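Peer 1: how would this look folded up:
(chains A and B)
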Protein chains: 2
Amino acid sequence: MSNKIKIAILGLGTVGFGVYDIITKSPYLNNVVVTKILDKDLSKQKLVKKAEVTINYNDIIYDKEIKIVVETMGAGEFSYHCIKRALEAKKHVITANKEVIALHLEELSKLKEKKGVSLLYEASVGGGIPIIYPLYEIVKVNEVDEIQGILNGTTNFILTKMFQDGLSFSDSLRLAQEKGFAEADPTADLEGLDMVRKIAILSSIAYKGVIHIEQIDHFGITNINDEDLVNIKKTGGVLKLIASSKQQKGKVNILIEPTIVQPTNLFSTVNEENNLIAINSSFNGNLKFFGKGAGRYPTANAIVNDIIAIIEARRNYTFENKNKLIVEDSSDVNRYYVRLKPNEFIDLEYIEKQENNSIITKEISRTTFKQIIEKVEFYAKIVS
Amino acid sequence: MSNKIKIAILGLGTVGFGVYDIITKSPYLNNVVVTKILDKDLSKQKLVKKAEVTINYNDIIYDKEIKIVVETMGAGEFSYHCIKRALEAKKHVITANKEVIALHLEELSKLKEKKGVSLLYEASVGGGIPIIYPLYEIVKVNEVDEIQGILNGTTNFILTKMFQDGLSFSDSLRLAQEKGFAEADPTADLEGLDMVRKIAILSSIAYKGVIHIEQIDHFGITNINDEDLVNIKKTGGVLKLIASSKQQKGKVNILIEPTIVQPTNLFSTVNEENNLIAINSSFNGNLKFFGKGAGRYPTANAIVNDIIAIIEARRNYTFENKNKLIVEDSSDVNRYYVRLKPNEFIDLEYIEKQENNSIITKEISRTTFKQIIEKVEFYAKIVS
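Peer 2: Model (predicted):
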């Protein structure tokens, strides 16, 4: 035991327990032991016989034996505070926290460099899909000009249940919560904010500059209703919540929006809690990564691979903020499915087809669409 | 110059020149220089101003300054001989050579361990798709039970041209050769032997044991004709050459065969020279990797990433031969599209539908199918 590498886990929830479980069971990790776990519920001690559960973070920070801190609380400010203190205490940190990474990537990268430790966050985007470390490899010699993704397992699960299995929105959401994909408060997922954070992380790494999440327009699926479901099915497509990000010479367009894709589109084949991330780069062309974007073991597995990488000194990427990026609207034109708020109207020149308050628009630019978005209860971009 | 890391490239063909080009142009590789190139055509000196082209491998082997040898000749015995000598001379080796890796993975892995250098071969499978190093990461804590893939850009390009663009087999092949995907002698691609080598490499790594390529049944697309094209289109599916590999408790089923997939199957969306590799593992579930499986820059990019990994001491995986694997037929049953050789007949009990010498079989096992395969001119497995 004394020669083993000692690890602390912050938060013994779905993912944190998965990490504990894989470490305890894998022969490859015989040289690793979880000695302490931070959790406010001390009764969880019965779940983890080999580790000590504590409510006092100082027990971990001042434990010089602990070399690696794994943060899986998914909190905002408190997680940030814990990660920062761990790095300051020269402990390696691994986190699944997309909120903290999206907001503080540059600051935390500088801090870990200064302290000579690693900060890894493979599990923050795409659950079990290896995407962060391949992306850091890609950007060494490639220029990335486009990223597209289904990056949220919860909303994709809900949309699959609605469009393929005929369930209602509320039944689909309940099922997602039962399966452990959706949070008790699913607002961040449903409104697209979770995807905002993830595309901000990927775009920042890919374009080597800071993307602020406030700069990213997003529209979620909170307002979708049965009428939308029927109308969208009529188009022959299925609905997906898709993040898209493009860059050219430092000018960036990023958008999260409901998108109607046709059955021949690869995104239409991404079902349940799966994610798909497509990255287009200069030498490599279009690479696509597909896999489970949520769930205990896929996410825990990504964390465990980061642990192994630290132990084997193989992975220590650093975010580079070398480009000043300007976020602006894309000039692409698209058709949209739009359902207006009650008693709202839009200019006839934008309308291709209207039935009650549901409209299919003509091809219009994002800038034009933004002029009417205040009147919109739900919409989806139509792509081929 | 004297502080730069010196590299030799063996073979200045499509991929070799791509490697030279990326190294010469990328700011990230300012600390790397290609000093010598082995090629039998000395007139290629005019293409590479900064490196010396030689026909004498000793010029490279005895050059103590050269730390990394990149093998892109794609030869068989001669490439193997060059790789071995480079490792023996304690030079790191990077190769795109699937033939050499499929045949000599265990021996070369032992040799590079003994000599304390790296042997990397990311470009040997999947062209520009990062698959070898993610797979080595996956197998550390995951048990892999299935691999499926479209692993040959040339045949996939040909089948796309035939099934989507209506070209004949010979026109499609000529186009693939013009685009630089197909070799002058495309036999290894068309007969499925290239995919045999690649699935052998992936399976050996995934299942941690040696797979001998002679153990792998394969059937290519050499014999496909216009009648097959028409008949297969009638089924509503498209034809793909697919490698599949399954493992349970050391028992392995591997097969390369033409496969009819329906439009809702993800494999049907993989077109042109793209590859798709799906890996199913215990914690991670089903991961899929998609990208360009052939072409100068995607393949060269994979090699360049291996160069960077060696320089940054990040990647030094070792093939582990710890399992004794038994290769046997799968017990799965399938329907097949079969076109018989002239004057051949098969038992009525296997036939669902027959028109002239084209047959759709009932569901039969691989073992049963093997009993009639001698009578078959062309076939394709039918999957959903």
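Peer 1: who touches stretch A:223-240?
Peer 2: Under the contact criterion C-beta atoms under 8 Å, 6 or more residues apart in numbering or on different chains, stretch A:223-240 has outside partners A:150, A:156, A:159, A:162-164, A:168-169, A:221, A:258-263, A:267-268, A:270, A:337, A:339, A:355, A:358, A:360, A:377-378, A:380, A:382. Every C-beta, even on glycine, is put in place using the N, C-alpha and C of the backbone.
Peer 1: what does the stretch 51-200 of chain A put close to chain B?
Peer 2: A:Gly128, A:Ile129, A:Pro130, A:Pro134, A:Glu137, A:Lys140, A:Val141, A:Asn142 (C-beta under 8 Å from any C-beta of the partner chain).
Peer 1: swap in 10 Å and give it another go.
Peer 2: A:122, A:127-130, A:133-135, A:137-142 (C-beta under 10 Å from any C-beta of the partner chain).
Peer 1: so which residues of the stretch 201-350 of chain A form strands?
Peer 2: A:217-218, A:238-248, A:251-261, A:274-281, A:285-292, A:326-327, A:333-340 (DSSP state E, counting those that start in this stretch).
Peer 1: mind putting these in CSV, mean neighbour count, distance to A:Tyr350 and mean pLDDT included?
Peer 2: Putting the strands of the stretch 201-350 of chain A into CSV (neighbours: other C-beta atoms under 10 Å in any protein chain shown; distance: least, C-beta to C-beta, whole Å; pLDDT from 0 to 100) gives the following:
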stretch, mean neighbour count, distance to A:Tyr350, mean pLDDT
strand A:217-218, 17, 19, 94
strand A:238-248, 23, 21, 95
strand A:251-261, 22, 17, 94
strand A:274-281, 23, 30, 97
strand A:285-292, 22, 32, 96
strand A:326-327, 14, 25, 88
strand A:333-340, 20, 9, 94
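Peer 1: give me the number of residues near A:Lys49?
Peer 2: Residues within reach of A:Lys49, counting by other C-beta atoms under 10 Å in any protein chain shown, total 7.
Peer 1: what does the one 5 residues further on give?
Peer 2: Neighbour count of A:Thr54, defined by other C-beta under 10 Å: 18.
Peer 1: what's the closest of the strands of the stretch 201-350 of chain A to B:Lys98?
Peer 2: strand A:285-292 (19.6 Å; C-beta to C-beta).
Peer 1: who does the closest one pair up with?
Peer 2: strand A:274-281 (antiparallel), strand B:285-292 (antiparallel) (DSSP bridges).
Peer 1: for the first one, C-alpha coordinates in CSV please.
Peer 2: Looking back up the chat, that one is strand A:274-281. Below are the C-alpha coordinates for strand A:274-281, written out as CSV (Å, rounded to 0.1, in the frame of the first residue of the first chain):
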residue,chain,number,x,y,z
ASN,A,274,-24.7,8.8,-28.0
ASN,A,275,-22.6,11.8,-29.0
LEU,A,276,-20.9,12.5,-32.4
ILE,A,277,-18.1,15.0,-32.8
ALA,A,278,-16.9,16.0,-36.3
ILE,A,279,-13.6,17.9,-36.7
ASN,A,280,-12.4,19.3,-40.0
SER,A,281,-8.8,20.1,-40.3
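Peer 1: and that strand, how far out from the chain's middle?
Peer 2: 12 Å (C-alpha atoms, centre = their mean, to the nearest Å).
Peer 1: that strand vs strand A:238-248, what angle?
Peer 2: Between strand A:274-281 and strand A:238-248, the angle comes out at 30 degrees (axes from the mean of the first three to the mean of the last three C-alpha atoms, to 10 degrees).
Peer 1: now the helices for the stretch 251-384 of chain A?
Peer 2: Listed in chain order, the helices of the stretch 251-384 of chain A (DSSP state H, counting those that start in this stretch) span A:296-311, A:366-372.
Peer 1: domain ranges for chain A?
Peer 2: The record assigns chain A these domain ranges, following automatic domain parsing: A:5-120, A:132-292, A:331-384.
Peer 1: just the endpoints, please. Distance across the first one?
Peer 2: Right, the one you point to is domain A:5-120. 17 Å (C-alpha to C-alpha, to the nearest Å).
Peer 1: off-centre distance for it?
Peer 2: Worked out by C-alpha atoms, centre = their mean, domain A:5-120 lies 20 Å from the chain centre.
Peer 1: follow-up on the earlier one: out of the strands paired with strand A:285-292, nearest to B:Asn301?
Peer 2: Across the strands paired with strand A:285-292 (criterion: C-beta to C-beta), the nearest stretch is strand A:274-281, sitting at 8.4 Å.
Peer 1: residues touching A:Ile68, list them.
Peer 2: Counting by C-beta atoms under 10 Å, 6 or more residues apart in numbering or on different chains, A:Ile68 touches A:5-9, A:32, A:34, A:86, A:91-94, A:117-118, A:120, A:306-307, A:310-311.
Peer 1: where strands are concerned, which of the residues you listed count?
Peer 2: Counting by DSSP state E, the part of the contacts of A:Ile68 found in strands is A:Ile5, A:Lys6, A:Ile7, A:Ala8, A:Ile9, A:Val32, A:Val34, A:His92, A:Val93, A:Ile94, A:Leu120.
Peer 1: which strand residues bridge the last one?
Peer 2: Spelled out, that is A:Leu120. Going by DSSP bridges, A:Leu120 forms beta bridges with A:Ile94.
Peer 1: got it, and the first one?
Peer 2: With DSSP bridges applied, the residues forming beta bridges to A:Ile5 are A:Val32.
Peer 1: pretty sure it sits against A:Ile66.
Peer 2: Yes - A:Ile5 is within contact range of A:Ile66, at 9.3 Å (criterion: C-beta atoms under 10 Å).
Peer 1: quick revisit: winner for burial among the helices of the stretch 251-384 of chain A?
Peer 2: helix A:296-311 (a mean of 25; mean count of other C-beta atoms under 10 Å in any protein chain shown).
Peer 1: turn the domains of chain A into CSV, including distance to A:Leu325.
Peer 2: Listed next are the domains of chain A as CSV, based on distance: least, C-beta to C-beta, whole Å:
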stretch, distance to A:Leu325
domain A:5-120, 12
domain A:132-292, 4
domain A:331-384, 17
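Peer 1: bridged to A:Leu287, which residues?
Peer 2: In beta-bridge terms (that is, DSSP bridges), A:Leu287 pairs with A:Ile279.
Peer 1: that one against A:Ile279, yeah?
Peer 2: Yes - look at A:Leu287 against A:Ile279 with C-beta under 10 Å: they come within range, at 5.1 Å.
Peer 1: shared neighbours, those two?
Peer 2: A:Ile131, A:Pro134, A:Leu135, A:Ile138, A:Asn142, B:Gly291.
Peer 1: which of those fall within strands?
Peer 2: Checking the shared contacts of A:Leu287 and A:Ile279 against DSSP E, those in strands are B:Gly291.
Peer 1: between the strands paired with strand A:285-292, which one is closest to B:Ile346.
Peer 2: Closest among these, once you apply C-beta to C-beta, is strand B:285-292, at 35.3 Å.
Peer 1: the closest one vs helix A:296-311, what angle?
Peer 2: 70 degrees.
Peer 1: CA atoms of strand B:285-292 as CSV?
Peer 2: Extracted in CSV, the C-alpha atoms of strand B:285-292 (Å, rounded to 0.1, in the frame of the first residue of the first chain):
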residue,chain,number,x,y,z
GLY,B,285,-19.5,0.7,-24.9
ASN,B,286,-19.4,1.2,-28.7
LEU,B,287,-16.9,3.8,-29.9
LYS,B,288,-16.7,4.7,-33.6
PHE,B,289,-13.9,6.5,-35.4
PHE,B,290,-14.5,7.9,-38.9
GLY,B,291,-12.1,9.6,-41.3
LYS,B,292,-10.0,9.4,-44.4
